[in-house]
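Enquirer: Build me a model:
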Amino acid sequence: MDYRNYLSRNFGDFDIVISREQYFIRVFWARIIGPDSRSLLTDYTRHTFFEAEVVLEGSMDFLIGSRECVTVQESHFVIIPPDTFHQVTGSCGEGARLILAFSLETGDSRLNGAVSSPAGLRPFKCSDAMISLLDVLIGKEYEDTTVRRSLISSVVEAFLLEMFDIVVRDSFVSASTASGDRAVVKDVVSYIKSKHGVGVSVDSLSKRFFISKRHLCRLFTEQTGTNVRENINHEKLMRIEELAVSTNLSLHEIAELCEFCDEYSMNKFFRRYNLINLSEFRKLRRK
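Expert: Numbering: from 1, shown residues only. Below is the predicted model of the structure:
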């Protein structure tokens, strides 16, 4: 995408509030500026909220405090913590950038302090969530409607979740983190089992356990040797078999209980693993 056509676009005050049990985020604004605007967009340089600076073209050199310089390349981003003096000191290419300013409160003190030190600043690579965010903000005309605000909120939330998942993991690579990872996977496995895989998806697990889908899938594979979706499918398969053998429910009723849209879809799923349909399986097991 040619971002130069959008450099004068001002997205204004979003004032988007994303509230969950684990965290509370308020997005103040998101704006795109060009290489001529080297200072921050406000009248002061010391902020009480976080900033995520995304370089769209070329690269940017950020002076952090009085000495540390961080270079951020195109399609990368850097997190600026609260109350940190910073400014753009140089650029090459066009130097277009997106600034997303937000506050964050969480119940996890580790997360609140994850990027509180300027020494912890470093560039992070572009992500799928970031691309989606840029597409929403830049690719369409801005209209302050309920639907659009809801869309932006969901995309911003996805980006921030992914961003802080990266930050917290990088900041706390230790035995305690490894232990925490094992606990998360154990809790996920228990939850899938308690639900028999019914109504469970990677998306819902990501939101429930406050972890990005990518990180969850990687941890799950490392810890269990299988992937999340297969584990969900296995538990759902066990549930279908249990209901088919131990109850007199019709296949249509079993399909409804296991949240399939119809009996055909359930049989198609079942045959992937058993090579026979469910009615044949039921007859064989009962014999």
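Enquirer: which stretches of the stretch 151-287 of the chain aren't confidently modelled?
Expert: Within the stretch 151-287 of the chain, the stretches with pLDDT under 70 are 164-180.
Enquirer: how about residue 63, secondary structure?
Expert: The three-state label given to residue 63 by DSSP: H, G, I helix; E, B strand; the rest coil is strand.
Enquirer: tally of neighbours for it?
Expert: Residue 63 has 15 neighbouring residues, counting by other C-beta atoms under 10 Å. (Each C-beta comes from the backbone N, C-alpha and C, glycine too.)
Enquirer: And the pLDDT for it?
Expert: pLDDT recorded at residue 63 is 79.
Enquirer: just checking, it touches residue 86?
Expert: Yes. Using C-beta atoms under 8 Å, residue 63 is in contact with residue 86, at 6.5 Å.
Enquirer: what about the helices in the protein?
Expert: Along the chain, counting by DSSP state H, helices occupy 109-112, 128-139, 146-171, 175-194, 202-208, 213-224, 228-246, 251-257, 263-274, 278-286.
Enquirer: nearest to residue 76, of these?
Expert: helix 128-139 (9.4 Å; C-beta to C-beta).
Enquirer: From the chain's centroid, how far away is the closest one?
Expert: With C-alpha atoms, centre = their mean, to the nearest Å as the basis, helix 128-139 stands 13 Å off its chain's centre.
Enquirer: What of stretch 265-278?
Expert: The answer for stretch 265-278 is 33 Å, by C-alpha atoms, centre = their mean.
Enquirer: what comes up buried for it?
Expert: Neighbour counts over stretch 265-278 (16 or more other C-beta atoms under 10 Å) mark 266, 267, 269, 270, 277, 278 as buried.
Enquirer: contact partners of it?
Expert: For stretch 265-278, the surrounding residues in contact (C-beta atoms under 8 Å, 6 or more residues apart in numbering) are 233, 236, 237, 240, 244, 251, 254, 255, 258, 260, 281, 284.
Enquirer: Neighbour count and distance to residue 200 added to those residues, as a markdown table?
Expert: Below are those laid out as a markdown table (neighbours: other C-beta atoms under 10 Å; distance: C-beta to C-beta, whole Å):
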| residue | neighbour count | distance to residue 200 |
| --- | --- | --- |
| 233 | 17 | 10 |
| 236 | 23 | 8 |
| 237 | 18 | 13 |
| 240 | 27 | 14 |
| 244 | 19 | 20 |
| 251 | 21 | 22 |
| 254 | 22 | 17 |
| 255 | 22 | 17 |
| 258 | 20 | 11 |
| 260 | 21 | 14 |
| 281 | 19 | 23 |
| 284 | 10 | 28 |
